[in-house]
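Asks: model the following, please.
(2 chains)
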Amino acid sequence: MKADVAPAKLNEIAERVWSMVLGMKLSPVACDPARAEARDFVLGKITISGNWSGSVTLGCSPKLARDAAAAMFGKKAAETEPDEIRDALGELTNMVGGNFKTLLKGEHRLSVPDVVGTVPYGEVVPPPREHLWFECKGGVVILSVLEQQK
Amino acid sequence: MNVLVVDDSAAMRKIIISALGKTELRGARTIEAATGKEGLDKFLDGNFGIILSDWNMPEMDGIEFVNRVRKVDSRVKIIMITTEGTMGKLESALDGGVDEYVVKPFTPETLDRKIKKVLGVKS
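Replies: Okay, the predicted model is just below:
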């Protein structure tokens, strides 16, 4: 089964989560692999199983992940701990993935989020995959939806 | 009134407690728990008027936590804070002993409205 969720809906979810939780503006931008290929990303992942099975990942630069943790924990970016950065990105992934799940038809189950440490760009966007790009505070955020291959 | 906040995300507990400061429960004593089991232990040791619990947690999820609380206490008010926005799931949570739910992400105003509703306070 195809997820059949319009990219505009995904944009709306990501922008709403970023704005309401972090107080930051997330702006959709065109995919630009050349901009990201040499960069590392912190990657959050959550899996969905049911009529549609797959995963939703959220990747962003270590600096932006630190800024997000600072906003969520109410402290300065330089004072955030690695555990807090993982926790913050995991919760953001949980919210984006959970809201995406509500758009799917039928019964679905959401996993708890997992945050992989810092990974190269190639692990954020392995083909074939649908992904949306955003910009926030000069950094890139990549939201990907991967349908499980049967 | 004592408030128990159960969520496996420390960031989310921080956000919930910060939001509580802008609600009917501002000034209330808040106790945190990072798992359903820890939440149950703290609930049994304390005297809580309201519980705010996550749904999607490892080991003991929010629904199982609520079921266990309801076996020993039918009066404590329970608000589920969740990304689970589908009506079928939310209705099953309400049937299972949850008094109200708040869908993440949420504003302090939404949380306040739900708290007032479960406490029977007029807005």
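
Asks: quick one: contacts for the residue in chain A that chain B sits nearest to?
Replies: Chain B sits closest to residue A:98 of chain A, with a gap of 2.3 Å, by CB to the nearest CB. Placement of C-beta: from N, CA and C, glycine included. Residues in contact with residue A:98 (CB atoms under 8 Å, 6 or more residues apart in numbering or on different chains) are A:46, A:110, B:56, B:82, B:83, B:84, B:85, B:104.

Asks: who does the closest residue to residue A:89 other than its chain neighbours bridge with?
Replies: Counting by CB to CB, 6 or more residues apart in numbering or on different chains, residue A:89 lies nearest to residue A:44, which is 4.4 Å off, once chain neighbours are set aside. Residue A:44 has these beta-bridge partners by DSSP bridges: residue A:58, residue A:115.

Asks: also residue A:147?
Replies: residue A:54.

Asks: residue 118 sits in which helix or strand?
Replies: Since no chain was named, I'll use chain A. Taking DSSP states H and E as the definition, residue A:118 sits inside strand A:114-120.

Asks: chain B is the one I meant
Replies: Applying DSSP H and E, one finds residue B:118 within helix B:108-119.

Asks: now that helix: how far from the chain's centre is it?
Replies: Its chain's average C-alpha position is 11 Å from that of helix B:108-119, according to CA atoms, centre = their mean, to the nearest Å.

Asks: about what we covered before: same for the strand holding residue A:118, what does it pack against?
Replies: strand A:40-50, helix A:82-101 (3 or more CB pairs under 8 Å, 6 or more residues apart in numbering or on different chains; DSSP states H and E).

Asks: in the first one, what's buried?
Replies: Using 16 or more other CB atoms under 10 Å in any protein chain shown as the test for burial, strand A:40-50 gives A:40, A:41, A:42, A:43, A:44, A:45, A:46, A:47, A:48.

Asks: quick one: contacts of the helix holding residue B:118?
Replies: Here helix B:108-119 makes contact (CB under 8 Å, 6+ apart) with B:16, B:19-20, B:22-25, B:50, B:77-79, B:99-102, B:121-123.

Asks: flag every residue of chain A that's near chain B.
Replies: Counting by CB under 8 Å from any CB of the partner chain, the positions of chain A adjacent to chain B are A:16-17, A:20-21, A:69, A:72-74, A:83-84, A:87-88, A:90-91, A:94-95, A:97-99, A:101-102, A:107, A:110, A:112.

Asks: and those residues, which are buried?
Replies: Among these, the ones that count as buried by 16+ other CB under 10 Å are A:17, A:21, A:69, A:72-73, A:84, A:87-88, A:90-91, A:94-95, A:97-99, A:101-102, A:110, A:112.

Asks: next, the residue nearest the centre of chain B: secondary structure please.
Replies: Using CA atoms, centre = their mean, the residue of chain B that lies closest to the mean C-alpha position is residue B:52, 1.4 Å off. Classification of residue B:52 using DSSP: H, G, I helix; E, B strand; the rest coil returns strand.
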